[in-house]
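A.B. asks: return a 3D structure for these sequence lines:
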Amino acid sequence: MKRIARWTVGGMVALVVGLGGCGVAPTPLEQTETAQTETQQTEKQQTETQQTEMQSPEAAPSRDAMPPGSNAKTTGDAAEPLGMVDGEAYEAAVPSGYAGNPVEDYNTEEYDSVEEVGFVSTKARPLSTISADVDTASYANLRRMLKDGYHVAVAAEGDKDKDEDKDKDKDEDTVEEPKDQPEAVEAMPEDEGYYGHTYDERVIPTGAVRIEEMLNYFNYDYPAPEGAEPFAISARIGACPWNKDTDLLVLGYATGKEDEAMAKKGSNLVFLIDVSGSMDSPDKLDLLKDAFAELTKSLGENDRVSVVTYSGQEEVVLEGVKGTDRTEIMRAIRALKADGSTNGEAGLKMAYEIAEKNFIEGGVNRIVMASDGDLNVGMSSESDLHDFVDKQREKGVYLSVLGFGTGNYKDNKMETLADHGNGSYHYIDGVLEAKRVFGERLTANLVPFADDVKVQVEFNPSKVKGYRLIGYENRAMADEDFKDDTKDAAEVGPNSQFTVVYEIVRADSAFDVPTPELKYEQQSEQTTATDEWLTAKLRYKPVAENDVREQELVVGEANRSDDPGDDWRFVAAVSEFGMLLRDSEFKGTSTYESVRALVGDTKDELRLDFCDLVDMAATN
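C.D. replies: Below is the predicted model of the structure:
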C-alpha cells in the first residue's frame, strides 16, 4: 500500500512515499514498472485534485484572507489549490510552486525596548528633563494589533479570574483546534477604513506601547496661548486612580497658530515612497496611495510636490509640480508598483537633493517618507540612520515619517528617522487615519512652529518626596541638556498639543520612596516655607524667530482638586490602559473595567474608539 504525504517545513515542500507490507524484495524490472505505474497514478490524481479544488469556492480564499507570508498563487479571484487541509497533509501530491496552508507566519517586526523608570527620590534628583513628543504612531499601531487579535502577555490583576472562566467556558462549548493550526482572526473589511489581514494569535510587544504617543492621539481642552507667548502650559492634579498613596499630575502643552508669512510662501514637499517588494500588500502600497490622495486634497497654488521612489534603485517620478495639479500627482502615485529590494539610503539622499533644489526660503520644506521601514540594502542600522538625518537636518529640511504594514514592520527605524529628522511619526492603519493625519491635522503635522522643544520639571523635596514619569522612556535627556541649545529635541507644529504625566508622592504620603542619605543635604527656608510643589519649564526655538525662549508654570496646592475634570480622567484612563498593555509593575489596581469607568459617558468619536480597543484587549 502506498501513501504520498506533503507538508511544509521551513517553507520547503517534502514528499514522502511510504511502502507497506512484507515479502520478497522486488526485482529491478519490477521496481521500474512499479515506479512508472505510481507516477502515472500520481499525475492523474494531481490533475483531478487540482481541477476539483479550483472549482470549489471553499478552496479559494482571497489573498487578503491568507496569513502573511503565504505564497500561494492566485488566478483571477480564486486561489490555486493548497496542499494542506486542517493542518494535515492529504494523500495527493501537489505540483511544485504551491505552498501548503497554513505556512508559518514569521513575524519580523522590530521595536526598541522600553524600560520603565520607577519612582525617583526628589532629594536625590529634583529635576526631570525630557524632549517633547507629538508622535501618534504607537496608538494607531496598537489599534491595528488589537483588531488583529493580539493580546497582552500577562493578564492584568483583577482580570485573571475572568479570563480563566472564559477559557473554561470555551473548553466546554468548543472543539479544540489542532495545535499546529492556531485560531485565525477575521480581517476587518476595507470599506470600514481599516486594512486588515488574518493572523495567528500574537503578543503585543512592550516596545510597541509608548504611552506618551497614546496620549498625544487625542484632543484635550487645554488653554490656548495668550498674548505673544507661542505656548500655553496648564497643570491639574488629582488622586491617582490606581494607587491610593499617590497623586497624578497632568501637564498640558498647547501651541498657537501657524505663522502667516510662512503660510503665504507655500510648501516644498517631497514624497519619498518605498516601492520595494515588501510593500506589495493592500495595507502597504495600496493604502499608501489612498493616504497621499488625502494629502493632495489640501495643497494649493503655492505648494510644490515632488515624488521620489526607492527599491533596488531610486527614481525621481515627479519634480516641482504645482499642488493644484492633483490629477498629475495622483496619476504618478497610482502607477507605482512594488518590486525589488529596499535601498533606503539611496532614496533618502535623492529626496534631500530634490528638497534642496526646490527649497523655498521662509516656507515649508519637508520630506514625507512612507515605508514599512524594512531597509535591507545600503544604510540600514539605527545608528547609521541617526547620523545621516542628523547632518541633513541642519539644511532646514524636515523629515516626517508614515508607517505602513504588518509582519515585517520596523518601528524602531521609523521612529529613529522621524526623531532625528525633525519631524513627526505616524502609523497609517486605514483610510480614516490617513484622513485624520492629512486632513484634520495637516497643518500641525507638516508646518514647523518650534524646534528643539524641551520640558524640565523641578520638584520641591519639601512637598514632593518622589515622582515617576509615565511614558517618555526614550525621550529622556540629561538635566544639563535643557539649556544646551546644541542638543536636539522635538519639533512641534502649530495648533498642536502634547501631554506629560507624573505619578507623584507627596511628602506626607505613606508610600515609601527609597532615598539615599546625603551627608551634605540641606533644605533652605525658601523650599520649606513655600506652597510650591514644582515648577514646569519649557524651552524651545520658535521657527519664526532666531532666539531661544523659555516659559514656566509654578504648580502647587491650588492645582489639586477632588474633581480634576473629564480631560484629566481620560488622561488617567489612557495611562492605565498603556500600563495594562505592557503589564507594568506599576499598574497597581488598574483593570480594563477601571479604564472604562474613568472614561465615563462620552460622545467623542476618538474616545469611543478607545473604549472599543479597551474591550478588545479585555477579550483577546
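A.B. asks: buried sites along stretch 231-241?
C.D. replies: Applying a neighbour-count criterion of 16 or more other CB atoms under 10 Å, the buried positions in stretch 231-241 are 231-238, 240-241. Heads up, the C-betas are built off the backbone N, CA and C, glycines and all.
A.B. asks: all helices for the stretch 451-600 of the chain, in order.
C.D. replies: Along the stretch 451-600 of the chain, the segments classed as helices by DSSP state H, counting those that start in this stretch run 525-529, 566-581, 592-599.
A.B. asks: domain ranges for this protein?
C.D. replies: Each structural domain of the chain that the record assigns through automatic domain parsing is listed here as a residue range: 2-89, 120-160+186-258+450-513+526-619, 260-446.
A.B. asks: nearest to residue 108, of these?
C.D. replies: When those are compared for distance to residue 108 using CB to CB, the nearest one is domain 260-446, at 4.9 Å.
A.B. asks: between the two ends of the closest one, how far is it?
C.D. replies: Across domain 260-446, the terminal residues are separated by 14 Å (CA to CA, to the nearest Å).
A.B. asks: got it, and stretch 127-146?
C.D. replies: 36 Å.
A.B. asks: what's the spacing between that stretch and its chain's center?
C.D. replies: Chain-centre distance of stretch 127-146: 8 Å, with CA atoms, centre = their mean, to the nearest Å.
A.B. asks: swap in stretch 279-291?
C.D. replies: For stretch 279-291, the separation from the chain centroid amounts to 16 Å (computed by CA atoms, centre = their mean).
A.B. asks: any idea which of the helices of the stretch 451-600 of the chain gets closest to residue 309?
C.D. replies: Comparing the helices of the stretch 451-600 of the chain against residue 309 with CB to CB, the closest turns out to be helix 566-581 (35.4 Å).
A.B. asks: and the angle from the closest one to helix 592-599?
C.D. replies: With axes from the mean of the first three to the mean of the last three CA atoms, to 10 degrees applied, the angle from helix 566-581 to helix 592-599 works out at 160 degrees.
A.B. asks: what residues sit buried inside helix 566-581?
C.D. replies: Along helix 566-581, the positions that meet the burial threshold by neighbour count (16+ other CB under 10 Å) are 566-581.
A.B. asks: and if you look at stretch 126-146?
C.D. replies: Buried residues in stretch 126-146, defined by neighbour count with 16+ other CB under 10 Å: 126, 128-146.
A.B. asks: for stretch 551-570, same thing?
C.D. replies: With the criterion 16+ other CB under 10 Å, stretch 551-570 contains buried residues 551, 553, 555-556, 559-560, 564, 566-570.
A.B. asks: cool, stretch 438-451 as well?
C.D. replies: Buried positions in stretch 438-451, judged by neighbour count with 16+ other CB under 10 Å: 438, 441-451.
A.B. asks: distance across it, terminal residue to terminal residue?
C.D. replies: 21 Å.
A.B. asks: quick one: contacts of that stretch?
C.D. replies: For stretch 438-451, the external contacting residues (CB atoms under 8 Å, 6 or more residues apart in numbering) are 134, 230-231, 255-256, 258-259, 262-263, 267, 269, 291, 294-295, 297-298, 364, 366, 368, 398, 400, 422, 424, 426, 437, 489, 491-496, 540-543.
A.B. asks: wait, residue 585 sits on residue 116?
C.D. replies: Yes: the pair residue 585 / residue 116 is scored as a contact, 7.2 Å apart, by CB atoms under 8 Å.
A.B. asks: more crowded one of these two?
C.D. replies: Regarding residue 585 and residue 116, a neighbour count based on other CB atoms under 10 Å identifies residue 116 as having more, with 16 against 9.
A.B. asks: how near is that one to residue 426?
C.D. replies: In this view, residue 116 and residue 426 are 24 Å apart by CB to CB, to the nearest Å.
A.B. asks: what does residue 441 give?
C.D. replies: In this view, residue 441 and residue 426 are 9 Å apart by CB to CB.
A.B. asks: now do residue 391
C.D. replies: Here residue 391 is placed at a distance of 24 Å from residue 426 (CB to CB).
A.B. asks: higher neighbour count, these two?
C.D. replies: In this comparison of residue 391 against residue 426, neighbours counted by other CB under 10 Å, the higher total goes to residue 426 at 29 against 10.
A.B. asks: where does the protein have low pLDDT?
C.D. replies: Counting by pLDDT under 70, the ranges of the chain that qualify are 1-106, 154-201, 377-380, 521-529.
A.B. asks: just the ones of the buried residues of stretch 126-146 in strands?
C.D. replies: Among the buried residues of stretch 126-146, the ones falling in strands (DSSP state E) are 128-131.
A.B. asks: ok, these vs residue 275, which is closest?
C.D. replies: For these, with residue 275 as the reference and CB to CB as the criterion, the closest is residue 131, at 32.3 Å.
A.B. asks: OK, contacts around the residue nearest to that closest one when sequence neighbours are not counted?
C.D. replies: On the basis of CB to CB, 6 or more residues apart in numbering, the spatially nearest residue to residue 131 that is not a chain neighbour turns out to be residue 489, at 3.9 Å. For residue 489, the set of contacting residues under the criterion of CB under 8 Å, 6+ apart consists of 131-132, 451-454, 477.
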